[in-house]
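K.L.:
The following comprises the amino acid sequence and a computationally predicted model.
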Amino acid sequence: MQNAALRGILWMIVATGVQAAASGIVRRLSLDFSVFQLVLFFSAVSTVILIPLAMKLPKGSLAGILAHRGLYSARGILSFIGMLASFYAYSVLDIANVQSLLFTVPIFTILLASLLLGEFVGLRGWIACAVGFIGALIIIRPGLIEINVGALAALLSALAFAAANIVIRRLAATESPILITLVCNLIVVPLAAIPAAFVWVTPDWHQVPWILAMGILFVLAQLCLTYSIRAADARIVQSFNFLRLPWAVLVGWVLFSELPDIWTWVGAIVIFLGAYDVLRREAGGK
């Protein structure tokens, strides 16, 4: 059990670093392309990468898609909403601010696990959710600064990804992580392609390596996340999601010479403290 939890934690650490690097590329490409086109690029590149891997799966693996088509569809739609909202947030906010707000994913995961799966949360769990919400308010500071649509998009993305995590947990009990990720991207491609067609910009050759790198890094992050959640309970491994902030600060500083303000750090710490108690009790089985 401890070895499984350790594997899940290690997969999550890798996922946070790779995801932070990919988000920096999204920020760079958002200067030239719409978020619909960026999501399409990502999902298309991911699909091309994953198809050869899926072809090596044991015979009969594809049968699970029909048997669990509802869960697969839900995961694809939720991931599309999450990616679209997060890509927009990256295009208008500093990377560290977006990543800090995405720290609410564990909070939303705990909340949705209670509402959708009937899992016991308890008073301390609800207090953690309230504290996490306060931390998000510190970052956004409504009333003190103008409400930023990008910040709201980041929170919407966190909610969508948390819901997707619940679905992944259900699917990963029997389905291959590669197949889960591939089907998700196959669903996202047409959802993104239709609106992208109306704002299409043909990439230049010098932009192609960045597009490919974005797709490769994101698919690696997806696979690492899926393996992480498959290895251990989502509420345990999500505690290490907080490593996104130092990764994001590093990427933002290297690519854009930007550093988060003090309120981003304060809000991120408050969110972390809100989730930490519940996550620690889950990891300890208390």
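P.N.:
Yep, it's here.

K.L.:
Next one: Leu78, what pLDDT does it get?
P.N.:
pLDDT for Leu78: 93.

K.L.:
do Leu159 as well
P.N.:
Leu159 is given a pLDDT of 91.

K.L.:
Now it: which helix or strand?
P.N.:
Leu159 is part of helix 149-172 when elements are defined by DSSP states H and E.

K.L.:
which stretches of the stretch 151-286 of the chain form helices?
P.N.:
Taking DSSP state H, counting those that start in this stretch, the helices of the stretch 151-286 of the chain run over residues 177-198, 208-231, 234-237, 244-256, 262-284.

K.L.:
avg pLDDT for stretch 199-206?
P.N.:
On average, stretch 199-206 scores 92.

K.L.:
List of residues touching it?
P.N.:
32-34, 36-37, 211 (CB atoms under 8 Å, 6 or more residues apart in numbering). Glycine gets a C-beta too; all of them are placed from N, C-alpha and C.

K.L.:
ok so, going back, show me what the helix holding Leu159 is packed against.
P.N.:
When contacts are defined as 3 or more CB pairs under 8 Å, 6 or more residues apart in numbering; DSSP states H and E, helix 149-172 packs onto helix 69-92, helix 95-101, helix 104-117, helix 122-140, helix 177-198, helix 208-231, helix 234-237.

K.L.:
Just say which of these is most tucked in.
P.N.:
Each of these was scored by mean neighbour count; the highest is helix 95-101, a mean of 29, by mean count of other CB atoms under 10 Å.

K.L.:
how about that one as PDB, C-alpha atoms only?
P.N.:
Coordinates of the C-alpha atoms in helix 95-101 are reproduced here as PDB (Å, rounded to 0.1, in the frame of the first residue of the first chain):
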ATOM      1  CA  ILE A  95       1.500  31.500 -15.100                       C
ATOM      2  CA  ALA A  96       2.000  31.400 -11.300                       C
ATOM      3  CA  ASN A  97      -1.400  33.000 -10.700                       C
ATOM      4  CA  VAL A  98      -3.100  30.400 -12.800                       C
ATOM      5  CA  GLN A  99      -1.300  27.600 -11.200                       C
ATOM      6  CA  SER A 100      -2.100  29.000  -7.700                       C
ATOM      7  CA  LEU A 101      -5.800  29.100  -8.500                       C
END
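
K.L.:
Check which helices and strands it sits against.
P.N.:
Looks like helix 95-101 contacts helix 2-29, helix 69-92, helix 122-140, helix 149-172, helix 244-256, helix 262-284 (3+ CB pairs under 8 Å, 6+ apart).

K.L.:
weakest of those by average pLDDT?
P.N.:
When I compare the helices and strands packed on helix 95-101, helix 262-284 is least confident, with a mean of 68.

K.L.:
before we move on, back to that, can you give the distance from the helix holding Leu159 to the centre of its chain?
P.N.:
7 Å (CA atoms, centre = their mean, to the nearest Å).

K.L.:
Please point out which parts of that helix sit buried.
P.N.:
Neighbour counts over helix 149-172 (16 or more other CB atoms under 10 Å) mark 150-151, 153-169, 171-172 as buried.

K.L.:
can you check stretch 6-22 too?
P.N.:
Buried residues in stretch 6-22 (16+ other CB under 10 Å): 7-22.

K.L.:
centre of the chain versus that stretch, how much separation?
P.N.:
11 Å.

K.L.:
Kindly report the same for stretch 201-221.
P.N.:
Centre-to-centre, stretch 201-221 and its host chain are 18 Å apart (CA atoms, centre = their mean).

K.L.:
Just the CA coordinates for it, please, in CSV.
P.N.:
Below are the C-alpha coordinates for stretch 201-221, written out as CSV (Å, rounded to 0.1, in the frame of the first residue of the first chain):
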residue,chain,number,x,y,z
VAL,A,201,-4.5,31.0,-38.3
THR,A,202,-2.1,28.8,-40.3
PRO,A,203,1.1,28.2,-38.3
ASP,A,204,4.4,29.3,-39.7
TRP,A,205,7.2,26.8,-39.8
HIS,A,206,9.1,28.4,-36.8
GLN,A,207,5.9,27.8,-34.7
VAL,A,208,5.6,24.1,-35.5
PRO,A,209,8.3,23.0,-33.0
TRP,A,210,6.6,24.9,-30.2
ILE,A,211,3.2,23.4,-31.1
LEU,A,212,4.7,19.9,-31.1
ALA,A,213,6.5,20.5,-27.8
MET,A,214,3.2,21.7,-26.3
GLY,A,215,1.4,18.6,-27.4
ILE,A,216,4.2,16.2,-26.3
LEU,A,217,4.5,17.8,-22.9
PHE,A,218,0.8,17.9,-22.2
VAL,A,219,0.3,14.3,-23.2
LEU,A,220,3.1,13.3,-20.9
ALA,A,221,1.5,15.3,-18.1
